[in-house]
Each structure stands twice: as C-alpha cells, then as structure tokens.
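> Sequence plus the predicted model coming up.
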Amino acid sequence: MLQLGFIRQNTALVKERLAIKNFKAIDLVDVVLQFDDQRKKLQLESDTTQSKINTISKEIGQLMAKGEKEKAEDKKKEVAVLKSSLQPIADQLQKVESQLNDALVTLPNLPAKSVPPGKTPAENITIREGGAKPKLFPGAVPHWDLAKKYNLIDFELGNKITGSGFPFYINKGAKLQRALIQYFLDYNLAAGYTEYQPPLMVNEATAFGTGQLPDKEGQMYYMNEDKYYMIPTAEVPLTNIYRDEIVKETDLPLKMTGYTPCFRREAGSYGKDVRGLNRLHQFDKVEIVQIVHPDKSYEVIEGMVAHIEKLLQSLELPYRILLLCGGDMSFASALTYDFEVYSAAQEKWLEVSSVSNFETFQTNRMKIRFKDSNNKTQLVHSLNGSSLALPRIVACLLENHQTENSIELPPALHPYFGSPSII
RNA sequence: GGAGAGAUGCCAGAGUGGUUGAAUGGGACUGUCUCGAAAACAGUUUUACGCCUAAUCCGUGUAACGAGGGUUCGAAUCCCUCUCUCUCCGCCA
C-alpha cells in the first residue's frame, strides 16, 4: 500500500500517477486524507484524555499506599467521568482507522516515471525481440497434438482425476518438467539466489502482504476449514519470509528463488486461450524474488530482466520483452516487464515471465525495513520475476523444435534431460 | 485427536495488580585506554502513531510483554477465546 506521508506531501502527483494506471476512483485519495485528518484529531483527543487517566491512576495508587482512602475514592470518580467521555472518542477513532485502512488498501501502486500511459495490452511497448521465429515444416502441429503423439501430457486424464486445467505429465513429458525445473533453479543459484521450498498454502496475513488480498481474493483456491490459500505463485511465500523484520543494510540485497506449483482459479477464462498448456489451474514455476535497498531497485530490475533474457536465449526460443503500460500493470506493481515467447504452431505470443518492481508497496504492507546509515528505519523495495513459468515454455519448446518425427531440445537442456531429443 | 506445560526486548532469562518499556546476563554500538587489537572502565541500545518543530534532530503524549476480548481507578501480572511451541498418549507419510 502507498505511504500516507507520501500521499499527503505529493497529493497532486499521486492522482496524476494513478490516472496513468487507469485507476478510476481518484477521489479516494482525498477521502484517504480526510480520514487521516479525522484520525489525527481523534487520536489527539483520545491520547490527552488517556494521559489524564493515567496520571490520576498513579495518584490513586499513592493515596492507597498512604491509606488515604477517601481521597482515593474521589479520584476514582474523576476517572470514571473521564472514561465515559473517552469511550465515544475511542469508538469513533477505531471506526475512522478502519475506514482509512480500507480506503488506503484499495489504492493501487503508482506507476514509475518510465511507464507509458495506455489502457490495454495493445499499448504495451516492445523493448526488444530476440531469436528468430522458426519456419515449421508443412504438417507441423500445436503442442497439444504433439503431447498426444509422443504421450507427454494427458489432459483428459487430468479431467478425470481433478478437472479441466489439471493435466498429467507422463514419461518424457514428466521428465522434461523435472529437467526444466532443475535447470532453472541451477541457473538462479549460479546468479547468487538462495533456494527455498516454501509451503504451498499460506495464511491470510501472508496473502495480504504481497497484495493478493483483498484485491484478488477470487483468484486463489481457499481451504475453508483451515483458512489457508493455495499459492498463486511462489512470490507470495518467498517475499513474506522477511515480513515484520528489520533487516541489516549490509544483508541487502536478499535474493531468493524457489520452485513451486502455482494454483489459479482463472475464473471466467475460456475458449482457445485455455487450450492445451496455455492456461492451467495448476502449473509449475520457478520464481526469483529480491529485497533490495530503495536506491537500487531500478538497477536491480534491469539485472533481473537481463538474467531472464539469457535464460530464454539458452532455450533457443524467439522472445520479446514488453514494457507494460499503466492500464495493463498489476495492482501492486510500479514497473513491469513481460516476457513472451513465440508459439510457432499457434502463431501467437505467450507470456512466460513477468518481472516487477513493487518499490515499497508490498514492503509497506509487510513492514520489511532496514536501518540506513543515519540509523533511520525505512522500507526496502521488493521485486520478483518468473524464471520461468513452465507450461508455455514447454508448449513452445515442443512446437518450435518439432521435426517430422522428433522434438529436438536445445543443448542447455541436454545434460538435464539426459538426451538431445524427444522421440 | 486426548492430557499437561508454556509464549516477555537482538538472544538468554527475571518479573503474579501500582513510577516496569520492562531487572540481570550476553550480544551489538560509542567513548576512554592502545601503534593497533584484546581486556578493563563509562555510556548507548525496540517499534508504531500523535503533539511540538524547518526537521525523518530534540522534547513530549499514547499504545505494544503471542493475538483478540474482559475485570479493575490501575494488568506483562487476574479471567475468557484463539493461535503457536514443548512434553506424554493416540494416529501416521
């Protein structure tokens, strides 16, 4: 969430930036400030009264010790009066605080200066492209056909066992998944990330910390009995590792990576977008997360982009990097780059990674801070990126590298897969 | 799932109703000493939100001893609920 002090000091700028993000309820900014004014006023009243009560209570203690009971009784009456006057103020304060909080939490993060205006994905800016689109032979087919032909993935079986969007990976298909995960993790470890295997279910505080709640509640599977959410991405447990902590400045940057299945309800999705591996309810992903010094985050995000770009190059897939426009960015992000790979048989681009700088939006919710050289506590910045989401990578590997009677894998995968091709 | 014990500051660990935001020890930091270091000695050492302020300094108020309620003039200390940890039993990959 945004920092109140910042909103107060830069009200015009905040409104201007929110507009770039295509946020409709700009008036909420003023509402927030009004609630904050009320809150301060009420707190002053409440604190002053409480202070008086505390003073008198101490006096009562001293009187009792001296045995001056009557005087003490008089003081008690005094306190009773103060307390009854405090009650309505305290109630009001609590109400205003929760109203303030509700409104504040509804405001999305401000887009960075470099974010282009725009409302739809069409207005995203292509930063660069790499890798050549392959020329497929006549008769080349989409990945769902290849998956069947080589018995790699069974979608129907997944339907039987769970439901649509929960495929089985079989034989070489399962091994390819395992190879990719291992390769991606090793690649991240070599770049200095620490590997974590986090829980796949998280509690409410955790889901709130990274911004899934209250905004994207319907996107997550929920365990009603235990009040746990299935993670939609490893970002959620990984970023929350340092929730409510004041880290040492010298420990920054904190770099975490982890492989997890991800669970998304994807309510409302249908049609050809969900065909095959394009959109699933459960999929595998390797994630990278960084907690960094606020001065460094924009440098770090470029580093993360370069990191993922090299990984994609090693897979020999045609890709492009998009700078997302204001309207297409997520609620919590200040700057997002999307990576898309070209699916040659479907003849379309598929998103396989999203790299974002959240600045203090998440860390303000999670209270992840550090002490700077002046010994002042301030919020760190958080970032994350997929490196990478597996299904669409698999789809493109299968489609783009298919030959008449096999699928050739890029050399980087050979040691992990144990063979140069899928036959 | 059943029975019992417990949850205090960076860590260990006191504290069972009244100057306790919190003893003591350790750690960390600062200073003295030293060529430097160690030792010794002295000092400092939580966070959030108000007020004051040019100030994120200083001063000052309120709150926080797992979380949320309650009793009381007053609660870390008493009561209730929840969460978590430990021990024993049961179950079990």
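Nice, thanks for sending it over. Numbering: from 1, shown residues only, chains lettered A, B, ... in the order given.

> Residues of the stretch 1-150 of chain A that sit close to RNA strand B?
Residues of the stretch 1-150 of chain A found near RNA strand B (CB under 7 Å from any atom of the strand) are A:4, A:36, A:39-40, A:43-44, A:46-48, A:50-51, A:53-58, A:60-61, A:64-65, A:76, A:79-80, A:83. C-beta: built from backbone N, CA, C; applies to glycine.

> so where is the stretch 301-423 of chain A shaky, pLDDT-wise?
Low-confidence regions of the stretch 301-423 of chain A, defined by pLDDT under 70, are absent; no residue qualifies.

> All the helices of it, residue numbers only.
Using DSSP state H, counting those that start in this stretch, the helices of the stretch 301-423 of chain A run over A:361-366, A:390-400, A:414-417.

> Helices of chain A, residue ranges please.
Per DSSP state H, chain A carries helices over the ranges A:4-9, A:11-20, A:28-66, A:69-106, A:143-149, A:155-161, A:172-190, A:204-209, A:235-239, A:297-314, A:361-366, A:390-400, A:414-417.

> now the ones you listed in TSV, with mean neighbour count?
Below are the helices of chain A laid out as TSV (neighbours: other CB atoms under 10 Å):
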stretch	mean neighbour count
helix A:4-9	14
helix A:11-20	16
helix A:28-66	15
helix A:69-106	14
helix A:143-149	20
helix A:155-161	14
helix A:172-190	18
helix A:204-209	20
helix A:235-239	28
helix A:297-314	18
helix A:361-366	24
helix A:390-400	26
helix A:414-417	16
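
> residues in the stretch 201-350 of chain A within reach of RNA strand B, list them.
Counting by CB under 7 Å from any atom of the strand, the positions of the stretch 201-350 of chain A adjacent to RNA strand B are A:I246.

> from the stretch 151-300 of chain A, which residue is nearest to RNA strand B?
Of all residues in the stretch 151-300 of chain A, A:I246 sits closest to RNA strand B, at 6.2 Å by CB to the nearest atom of the strand.

> which residue does chain A bring closest to RNA strand B?
Ranking the residues of chain A by distance to RNA strand B (CB to the nearest atom of the strand) places A:G61 first, at 3.0 Å.

> returning to that earlier point: I'd like the helices of the stretch 301-423 of chain A laid out as a markdown table, including distance to RNA strand B.
Putting the helices of the stretch 301-423 of chain A into a markdown table (distance: least, CB to the nearest atom of the strand, whole Å) gives the following:
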| stretch | distance to RNA strand B |
| --- | --- |
| helix A:361-366 | 9 |
| helix A:390-400 | 25 |
| helix A:414-417 | 26 |
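
> Now tabulate those helices in a markdown table and tack on distance to A:G163.
As requested, the helices of the stretch 301-423 of chain A are exported to a markdown table (distance: least, CB to CB, whole Å):
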| stretch | distance to A:G163 |
| --- | --- |
| helix A:361-366 | 32 |
| helix A:390-400 | 16 |
| helix A:414-417 | 30 |
